[in-house]
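**Q** Sequence below, structure please.
(2 chains)
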Amino acid sequence: MSRFEYAPAPESRAIVDIKSSYGLFVNGAFVEATDGKPFKTVSPASEEVLAEVSEAGPADVDKAVRAARRAYEKVWGPMAGRDRAKYLFRIARLIQERSRELAVLESLDNGKPIRESRDVDLPLVAAHFFYYAGWADKLEYAGAGPDPRPLGVAAQVIPWNFPLMMLAWKIAPALAAGNTVVLKPAETTPLTALAFAEICQQADLPPGVVNIITGAGRTGQALVEHEGVDKVAFTGSTAVGRSIARSVAGTDKKVTLELGGKAANIVFEDAPIDQTVEGIVNGIFFNQGHVCCAGSRLLVQESVYDEVLARLKRRMSTLRVGDPLDKNTDIGAINSAEQLARIRELSQVGEDEGAERWSPECELPAQGFWFPPTVFTGVSQAHRIAREEIFGPVLSVLTFRTPAEAVEKANNTPFGLSAGVWTDKGSRILWMANQLRAGVVWANTFNRFDPSSPFGGYKESGYGREGGRHGLEAYLAH
Amino acid sequence: MPTKDSARLDIRKTYKLYVGGAFPRSESGRSYVVNDAKGKFLANASLASRKDARDAVVAARKAFGGWSARTAYNRGQVLYRIAEVMEGRHDQFSAEVAAAEGLSVAKARPLVDAAIDRWVWYAGWADKLAQVVGSSNPVAGPYFDFSVPEATGVVALLAPQDSSLLGLTSVLAPAIVSGNTAVVVTSFERPIPAITLGEVMATSDVPGGVVNILTGSASEIGPWLASHLDVNAIDLCGVEDPDEARDLEAAAAENLKRVRRPAAEDWLESPGLSRLTQYLELKTVWHPIGV
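**A** Numbering: from 1, shown residues only, chains lettered A, B, ... in the order given. The predicted model follows:
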C-alpha cells in the first residue's frame, strides 16, 4: 500500500518578537544584572541562538527578594482577595489573547511540537490562572482552616520541560493566596517566562509581586537559600530536590517539591488494545518523554504481550519526528545537548545490560538535538533503564501474570509520582488505585492535567500538591 | 432659511422581554408605565403574561441540557464574560440604577461595582463548587463512594423589588453558575436595569434560554411559575406579602420544588454559599473495589 506523504505545515515564527538580549525582571521593570554574566539560549531544533539572557548573581537575587518582600508587605499582602482575583483574571485573559505567540515561543525555545504547546500547554496555562483567580477571594472555603494567611515571599525554581505551564503552576496559587514570588526559569528555556514578565506589566500588576530572575543552578541555589524567603517551591530532579530539602533544614521555610518519576503503565489482558496503545504512546512520547510523570515502565500482562508489542511498534512507526514548528510533528527536539547525552548514555546501558532495543526507521535532522522513539524489551527490574528516570522518549517493557505481581513491580521504585492502569473492569481500576503508591493514577487515559486536579508525588517524587484546592494549601499558613 | 443648531434629539429604546435569546414583546400585547423614583415617565415596559411565563419555562428547559453539560470551566468563563461586558456598560447601568432607585449616579455607581464584582465572585465558583460541597466518602466496605453536586434544572426567580441590579444579580448568578437555567420576574417598578442585563446576556456567550427575563408583576405571574410542573425550584425573594409567599410555597409543593423563602437581605454583604447550594442536587455514586 502506498503512503501519502505529509507536506510541510510550518507555523509562522513571525508572530514572535524575540529581543537580542534580556535583563532580569525585578520590581516591575527589566534591569541589567549587576554581578552575573550573560548566557545564550538556543533553539534545540536548530542550535540557533535565540537571545542572550542575564545570569542573576547573589546581589541580583537579593534585590529581587527584597522587592518581593516590599510588595508583600506594602501592597499584595494587605490587598483584598477580590482585587488579587482581578489581577489574576487579567493575566489569564492576556495569556489567552497572546496564546499563539506564546506557543510558538515555547516551541522555539524548548523544542516541543507546536501541536502540544498550542493545544496542551497554553490552554492549561490560561486555565490555571483562571482557576486560581477564582480562589483569591474564597480562601476561607479552601479547607485550610478558618483563617488562612499567606506565607510571604515564595522562591520558585522550575524546569525546562513545560516552561510556561510550570510557571503557571507556581505563580497562580502563590499570588492567589497573597504571597509574592521570585521565580527562576530553567537556564535553557527562559524566554516564555520573560514574555510573562511583559504580561505582568500589561496587567498593571504592582511592581515586585512577580520577579523573574534568570540563571543556572547557582542562581537557583542562591534564591532558595536566601534568608528573606518564606517558602520554597521546586520542580525538577530528585537529586536537586534532596539538596534543597537539606539546605532548608533548621529554617522556617515551608517547602514543596515535585521531583522525578518512573511511572508504571499497567496493561491488563481485558484492556481495549488500540485505545491502550494510544495511551502508551501518549504516556511516554508526549513532550519527547520530558515528563516527570511519563509512563516510562510499561507493564503488560503476558497473555496480551505479543499483540500489544506488535501494535505498539506499528504505531511508533507512524510517529513523525522533526521540526517542532511543523503542525504535523509528533516528537520534537530533545531540549539540550546535555539531556541528549544522558538519554544516549542510559540507552547504551540498556543495551549493555542485555535488554533489546528497537526504534522505527526515522530520519533525524542533521542540526539540533534529536532522539528517535525507542522501546526496550526483555527488561528486568534490576536494569538501570527500569529504575532510573531517563526523561526522554525511551520506554522499558516488563511483563506480569497476576494483578498482585503488577502491583509489586509497579511499586518497586523509590519514586511515586504517577501510574496508569488499562482494563475494562472498574472494580479492578479502583483496587489497583488503592494499591499503587503514586500521587496520580490514570485509568484508561494518561498524562491528563487540569487546574482543579491535584498533582504531586509519593516517596522520592517529592511532597506537596499543585492544582486544586490542595495546591493552595502549599501557599497558606494555617 | 438655515436650520438652527440644537441639541440632538435622542432615540428612545423599546423595552421588551428576553426569552430564549430573543427580545419579544409580551404575547398579550400589554405594557405598563415605568416611572423613575421621582415619578417621571421612563418607559413602557412589557407586562408579561402567564403565556410568556410558560414560554420562558420552555426556553429554559430547552437550554438546560446544553448549559448543564458544559464544563464547569467553560461556565466560569461565560460568567466572567458577563462581568467584562457589564463593565463596558458601567455608565449606562449607573444611570439606570440611579433613576430606578432614586439615587444620585455617584451613589448608584458602587451598587453597579458590587453587581459586576458579584458576577466575578460567582464565576470563580463554577469549577470549585464540587470541590467544596462534594466529597469522597470512606464507607465501611470495599466500595469507592463519592458525592457530586449537579444542577437541579429550571429555576424561577422572583427578583427583589428594591435592588434592581445588585439584588437581581445576587439571585441570578448563583442559580446559573452551577448549570441551572433561569426564568426571572424582575422588580415591577424598577425593571429597566434588568432589561439591560438581558442585553448583556445576549452579548456575553450565554446561550439563549439560560436566562429569561420577564418584566411585570410577581403577584400575577408568580402563581403560574410556582405551580408549573416543569420548574424545579423557586426563589420567592421579590414577594413582599407573607400570605402571598405562603400560598406560592404551598403551590410549589405539588412537584416538590426547592423553595427559597423571602428574607431580609443586605445585598452588599458577602453572599456565602446558601444560594449556590439551594439549587443543587447531590448525587452519590457507589462502585465496588476488587480485582
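**Q** who in chain B is up against chain A?
**A** Counting by C-beta under 8 Å from any C-beta of the partner chain, the residues of chain B close to chain A are B:72-73, B:76-77, B:80, B:117, B:120-121, B:123-128, B:131-132, B:144, B:273, B:287-291. Any C-beta I mention is one placed from the backbone N, CA and C, and that applies to glycine too.
**Q** In this structure A:Ala155 contacts A:Val224, no?
**A** Yes. In this structure, A:Ala155 is within contact of A:Val224 by C-beta atoms under 8 Å, at 5.1 Å.
**Q** Among those two, which residue is more densely surrounded?
**A** Shown here are A:Ala155 and A:Val224; by other C-beta atoms under 10 Å in any protein chain shown, A:Ala155 has more neighbours (31 against 25).
**Q** Okay, now the sheet partners of the helix or strand harbouring that one, with direction.
**A** A:Ala155 is located in strand A:153-157, with elements delineated by DSSP states H and E. Strands that pair with strand A:153-157, judged by DSSP bridges, come out as strand A:180-184 (parallel), strand A:231-235 (parallel).
**Q** Show me what counts as buried in the last one.
**A** Within strand A:231-235, the residues that count as buried by 16 or more other C-beta atoms under 10 Å in any protein chain shown are A:231-235.
**Q** before we move on, back to that, if we look at the strand holding A:Ala155, which residues are touching it?
**A** A:65, A:68-69, A:72, A:170-171, A:174, A:179-184, A:220, A:223-224, A:226, A:228-236, A:475 (C-beta atoms under 8 Å, 6 or more residues apart in numbering or on different chains).
**Q** Tell me the helix or strand right after that strand.
**A** helix A:163-176.
**Q** who does that next one touch, helix- and strand-wise?
**A** Other helices and strands packing on helix A:163-176, by 3 or more C-beta pairs under 8 Å, 6 or more residues apart in numbering or on different chains; DSSP states H and E, are helix A:81-97, helix A:99-110, helix A:122-135, strand A:153-157, strand A:180-184, helix A:191-202, strand A:231-235, helix A:468-473.
**Q** follow-up on the earlier one: so which of the residues of chain B next to chain A are in helices?
**A** Taking DSSP state H as the definition of helices, the residues of chain B next to chain A contribute B:72-73, B:76-77, B:80, B:117, B:120-121, B:123-125, B:131-132.
**Q** Of all pairs in those, which one is the farthest apart?
**A** Longest distance between any two of these is 22.0 Å, between B:Asp117 and B:Gln131; criterion C-beta to C-beta.
**Q** count of residues packed around A:Tyr458?
**A** So A:Tyr458, with other C-beta under 10 Å, has 18 neighbours.
**Q** if I look at B:Ala7, how far off is chain A?
**A** Look at B:Ala7 and chain A: by C-beta to the nearest C-beta, to the nearest Å, they are 38 Å apart.
**Q** Using the three-state scheme, assign that residue.
**A** Following DSSP: H, G, I helix; E, B strand; the rest coil, the label given to B:Ala7 is coil.
**Q** Tell me who's in contact with the residue in chain B that chain A sits nearest to.
**A** With C-beta to the nearest C-beta, the shortest gap between chain B and chain A falls at B:Gly124, namely 2.3 Å. Counting by C-beta under 8 Å, 6+ apart, B:Gly124 makes contact with A:85, A:133-138, B:76.
**Q** The same query, at a cut-off of 10 Å, please.
**A** Taking C-beta atoms under 10 Å, 6 or more residues apart in numbering or on different chains, we find B:Gly124 in contact with A:85, A:88-89, A:130-138, A:176, B:76, B:79-80, B:177.
**Q** follow-up on the earlier one: dump the helices and strands packed on helix A:163-176 into a markdown table; add distance to B:Leu166 and mean pLDDT as well.
**A** Formatted as a markdown table, the helices and strands packed on helix A:163-176 follow (distance: least, C-beta to C-beta, whole Å; pLDDT from 0 to 100):
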| stretch | distance to B:Leu166 | mean pLDDT |
| --- | --- | --- |
| helix A:81-97 | 15 | 98 |
| helix A:99-110 | 34 | 98 |
| helix A:122-135 | 20 | 98 |
| strand A:153-157 | 36 | 98 |
| strand A:180-184 | 33 | 98 |
| helix A:191-202 | 30 | 98 |
| strand A:231-235 | 38 | 98 |
| helix A:468-473 | 28 | 96 |
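**Q** Make JSON lines out of the ones you listed and add distance to A:Lys262.
**A** Below are the helices and strands packed on helix A:163-176 laid out as JSON lines (distance: least, C-beta to C-beta, whole Å):
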{"stretch": "helix A:81-97", "distance to A:Lys262": "32"}
{"stretch": "helix A:99-110", "distance to A:Lys262": "22"}
{"stretch": "helix A:122-135", "distance to A:Lys262": "24"}
{"stretch": "strand A:153-157", "distance to A:Lys262": "22"}
{"stretch": "strand A:180-184", "distance to A:Lys262": "26"}
{"stretch": "helix A:191-202", "distance to A:Lys262": "28"}
{"stretch": "strand A:231-235", "distance to A:Lys262": "16"}
{"stretch": "helix A:468-473", "distance to A:Lys262": "23"}
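**Q** closest one to B:Arg50 among these?
**A** That would be helix A:122-135 among the helices and strands packed on helix A:163-176, by C-beta to C-beta, at 39.2 Å.
**Q** so does that closest one get close to chain B?
**A** Yes. Using C-beta under 10 Å from any C-beta of the partner chain, helix A:122-135 reaches chain B at A:123, A:126-127, A:130-135.
**Q** Out of those, the closest to A:Asp450 would be?
**A** Looking across the residues of helix A:122-135 next to chain B and measuring by C-beta to C-beta, the closest to A:Asp450 is A:Ala127, at 7.4 Å.
**Q** quick one on the thing from earlier: A:Ser20 versus the residue of chain B closest to chain A, what's the distance?
**A** 40 Å (C-beta to C-beta, to the nearest Å).
**Q** Check A:Ala222 too.
**A** 26 Å.
**Q** now A:Val291
**A** For A:Val291 relative to A:Ser20 (C-beta to C-beta), the value is 32 Å.
**Q** which one of these two has more residues nearby?
**A** For A:Val291 versus A:Ser20, the count of surrounding residues by other C-beta under 10 Å is larger for A:Val291: 23 against 8.
**Q** Pull out the buried members of the residues of chain B next to chain A.
**A** B:72-73, B:76-77, B:80, B:117, B:120-121, B:123-128, B:131-132, B:144, B:289.
**Q** now the chain, which segments are flagged as low pLDDT?
**A** Picking chain A for this. A:1-3 (pLDDT under 70).
**Q** That was the other one, I meant chain B.
**A** Within chain B, the stretches with pLDDT under 70 are B:1-5.
**Q** Please name the residues that touch the residue nearest the centre of it.
**A** Central residue of chain B (C-alpha atoms, centre = their mean): B:Leu172, 2.9 Å from the mean position. Contacts of B:Leu172 were listed using C-beta under 10 Å, 6+ apart, and they are B:82, B:118-119, B:122, B:155, B:157, B:159, B:182, B:184, B:194, B:197, B:201, B:211, B:213, B:235, B:275.
**Q** In helices, which of those appear?
**A** Per DSSP H, these map to helices at B:82, B:118-119, B:122, B:194, B:197, B:201, B:275.
**Q** Now render those residues as CSV, adding neighbour count and distance to A:Leu417.
**A** Output for these, formatted as CSV (neighbours: other C-beta atoms under 10 Å in any protein chain shown; distance: C-beta to C-beta, whole Å):
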residue, neighbour count, distance to A:Leu417
B:Ile82, 26, 39
B:Arg118, 23, 40
B:Trp119, 26, 38
B:Tyr122, 29, 35
B:Ala194, 27, 51
B:Leu197, 28, 47
B:Met201, 23, 44
B:Arg275, 19, 40
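**Q** Before I go, just wanted to say thanks for your time.
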